[in-house]
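[1] Give me a 3D structure for the following:
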Amino acid sequence: MGVYPVTAIRGNANGRDPLVSVSHVRHFYKRGASSNLLVLDDVDLTMHDNEIVALLGRSGSGKSTLLRIVSGLMPPTSGEVTIDGQKVGGPADGLAMVFQTFALFPWLTVQENVELGLEAQGVPADERSKRALAAIDLIGLDGFENAYPKELSGGMRQRVGLARALVVNPKLLLMDEPFSALDVLTAETLRTDLLDLWCEGRMPIRGILMVTHNIEEAVLLSDRILVFSSNPGRVIAEIKVNLPQPRNRVDPAFRALVDDIYARMTARAAPAREGLFPGTGISMSLPHVSTNTLAGLVETLAEPPFDGRADLPLLAERVQMEVDELFHAAETLQLLRFAELAEGDLQLTEAGRRFAQAGTDERKALFAQHLVTYVPLAAHIKHILEERPSRRASIIRFQDELEDKMPEEDAETTLHTVINWARYAEVLVFDGETGMVGLDTPPSAAQE
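    Take a look at the predicted model:
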């Protein structure tokens with residue numbers, strides 16, 4: 001593979017078609033005979049040579065779906081994608097993808113895994129070996145050509161995935177959260193090495209389009225960031241990153257940009273009383289957030305240095321949470337009226353402060369009150385059970401009801417989340433073996 005001239009690989013875009021053009025792309029997923037789920041809505045994207053563009057958003061924003069549409073692995077429901085001026089109508093030439101999972105064949109050596117794409121292209125064995133060894137050397141795995149994936153660390157396996165992508169000499173490299181499965185230090189090393197190769201012009205590519213939900217990662221790596229909303233995915237902001245490489249996380253300009261993106265990603269969150277999550281009534285789709293996480297976040301917010309109000313980037317650093325996980329927890333606190341989330345800040349309400357100061361029993365009672373009052377599904381389940389002499393029902397009864405209103409996976413997550421919250425609050429009991437859910441108070445006690 002060797003070193004590629006910067007001017008040849010990372011040329012000026014003047015006078016050329018855009019490297020990637022996405023025009024008015026919409027995409028639906030089928031979720032039943034009579035309804036479809038809109039995951040992307042009127043998405044436009046233009047990407048030129050010599051760019052790293054990050055698609056930044058939370059789970060459910062359609063980022064990975066868009067990446068697969070760009071690659072040609074799935075067609076959009078409507079809209080058009082072109083690569084170098086050629087309309088994409090199937091798996092596109094000149095592209096390679098690095099996935100979140102390592103996706104290596106365990107029975108093949110490092111070199112054999114790297115050669116797979118070349119073999120599929122019909123490249124002769126001698127040429128395959130030469131190019132694979134050059135790619136392995138380029139990404140820092142020289143000496144491990146004959147090792148098997150089980151002998152490698154996670155970071156080394158992801159380097160193999162990168163070498164496998166680069167060896168086919170793609171014009172565009174697609175990356176779907178390539179560092180999210182790695183520990184913090186390994187991910188940081190890989191980001192730095194990737195940037196070094198890119199800035200030195202040593203990779204045979206003209207651009208990188210990557211998906212991430214890590215705000216700092218997007219600012220560290222990219223020239224432009226497209227921020228996506230969720231349910232459905234729309235581009236709500238396009239941010240040009242004018243900071244020189246290498247970038248420093250503690251640089252005030254870097255921190256200011258991170259803060260601005262946090263604010264943009266929370267600016268559209270309406271006050272809790274207007275309904276935060278998609279849907280209304282029992283059709284609210286709820287994320288999986290444990291009561292331990294919620295309690296820990298409230299306690300952290302209540303303590304110095306935050307004293308009830310925190311800037312989300314600082315809070316994320318303190319509690320060591322990914323942005324997606326932090327947003328889910330923060331929005332759940334808002335839904336329960338324990339906190340208010342807006343413009344990149346999370347602030348405890350009076351109820352949230354009481355929760356932080358309360359003992360175990362008082363916390364449970366307060367949580368139960370807010371759960372039944374502000375989470376319609378919890379109130380609905382409680383009402384149905386109260387009308388039954390046995391005060392019990394199969395969980396399937398509620399799951400079937402939810403699946404009429406949302407995708408099966410969302411219905412299952414939402415139902416189990418609410419049941420777990422209600423079990424903590426001692427509102428409901430659940431028997432995992434029988435699948436029966438019931439009121440925590442026995443019939444005799446309720447009648448007294």
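
[2] pLDDT below threshold where in the stretch 301-448 of the chain?
    Along the stretch 301-448 of the chain, the model assigns pLDDT under 70 to residues 441-448.

[3] Could you rerun that using 80?
    Applying pLDDT under 80 to the stretch 301-448 of the chain flags residues 322-324, 342-344, 404-407, 440-448.

[4] Show me where it has its helices.
    With DSSP state H, counting those that start in this stretch as the criterion, the stretch 301-448 of the chain has helices at 312-319, 323-335, 350-357, 360-374, 376-386, 395-403, 408-424, 443-447.

[5] Out of those helices, which is closest to residue 70?
    helix 323-335 (21.8 Å; Cβ to Cβ). From N, CA and C alone the C-beta is placed, and that goes for glycine too.

[6] quick one, which of the helices of the stretch 301-448 of the chain is packed in tightest?
    Counting by mean count of other Cβ atoms under 10 Å, helix 323-335 has the highest mean neighbour count of the helices of the stretch 301-448 of the chain, with a mean of 23.

[7] coming back round to it: out of the helices of the stretch 301-448 of the chain, flag the one nearest residue 105.
    The nearest among the helices of the stretch 301-448 of the chain, by Cβ to Cβ, is helix 408-424 at 28.0 Å.

[8] re the thing from before, so for residue 54, which of the helices of the stretch 301-448 of the chain sits nearest?
    Distance to residue 54, taken as Cβ to Cβ, is lowest for helix 323-335 among those, at 12.9 Å.

[9] ok and the closest one relative to helix 312-319, angle-wise?
    Taking axes from the mean of the first three to the mean of the last three Cα atoms, to 10 degrees, one finds that helix 323-335 is oriented at 110 degrees with respect to helix 312-319.

[10] Does anything pack onto helix 323-335? Which helices or strands?
    For helix 323-335, the elements it packs on are helix 252-267, helix 291-302, helix 312-319, strand 339-342, judged by 3 or more Cβ pairs under 8 Å, 6 or more residues apart in numbering; DSSP states H and E.

[11] which one of the helices of the stretch 301-448 of the chain lies closest to residue 100?
    helix 323-335 (13.0 Å).

[12] Distance from the closest one to the middle of the chain?
    On the basis of Cα atoms, centre = their mean, to the nearest Å, helix 323-335 is displaced by 13 Å from the centre of the chain it belongs to.

[13] Show me where the stretch 101-250 of the chain dips below the pLDDT cut-off.
    101-103, 180-185, 231.

[14] how about the helices in it?
    Using DSSP H, counting those that start in this stretch, the helices assigned to the stretch 101-250 of the chain run over residues 110-120, 125-138, 154-166, 184-199, 215-221.

[15] Report the buried residues of the first one.
    Residues 110-118 are the ones in helix 110-120 that count as buried (16 or more other Cβ atoms under 10 Å).

[16] what do you get for the second one?
    If you call a residue buried by 16+ other Cβ under 10 Å, then helix 125-138 has these buried ones: 128-129, 131-136, 138.

[17] Of all the helices of the stretch 301-448 of the chain, which one is nearest residue 21?
    Comparison of these against residue 21 by Cβ to Cβ identifies helix 323-335 as nearest, at 28.5 Å.

[18] Using TSV, lay out the buried residues of helix 110-120 together with distance to residue 371.
    Below are the buried residues of helix 110-120 laid out as TSV (distance: Cβ to Cβ, whole Å):
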residue	distance to residue 371
110	51
111	56
112	54
113	49
114	52
115	56
116	51
117	51
118	56
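
[19] What is the end-to-end distance of stretch 296-315?
    12 Å (Cα to Cα, to the nearest Å).

[20] Could you do stretch 53-70 as well?
    Per Cα to Cα, stretch 53-70 runs 13 Å from first to last residue.

[21] Residue 97 and residue 315, how far apart?
    From residue 97 across to residue 315, the span is 33 Å (Cβ to Cβ, to the nearest Å).

[22] Let me see the confidence value for residue 39.
    Residue 39 carries a pLDDT value of 85.

[23] so it touches residue 62, yeah?
    Yes. Under the criterion of Cβ atoms under 8 Å, residue 39 makes contact with residue 62 at 4.3 Å.

[24] Among the two, which residue is more densely surrounded?
    Ranked by neighbour count (other Cβ atoms under 10 Å), residue 39 and residue 62 place residue 62 first, with 27 against 21.

[25] Surely the more buried one and residue 235 touch.
    No. The pair residue 62 and residue 235 does not pass the contact test of Cβ under 8 Å, sitting 10.3 Å apart.

[26] contacting residues around residue 183?
    residue 154 (Cβ atoms under 8 Å, 6 or more residues apart in numbering).

[27] Excluding chain neighbours, what is closest to residue 85?
    Closest residue to residue 85 apart from its sequence neighbours, by Cβ to Cβ, 6 or more residues apart in numbering: residue 17 at 3.6 Å.

[28] Okay, that neighbour and residue 73: tell me how far apart.
    Distance, residue 17 to residue 73, by Cβ to Cβ: 22 Å.

[29] Kindly report the same for residue 22.
    15 Å.

[30] Who has more neighbours out of these two?
    Neighbour tally, residue 22 and residue 73, criterion other Cβ under 10 Å: the higher count belongs to residue 22, 24 against 16.

[31] How far does the helix or strand that one falls within sit from its chain's centre?
    Element membership of residue 22 [criterion: DSSP states H and E] is strand 20-30. Relative to the centre of its chain, strand 20-30 is centred 19 Å away, using Cα atoms, centre = their mean.
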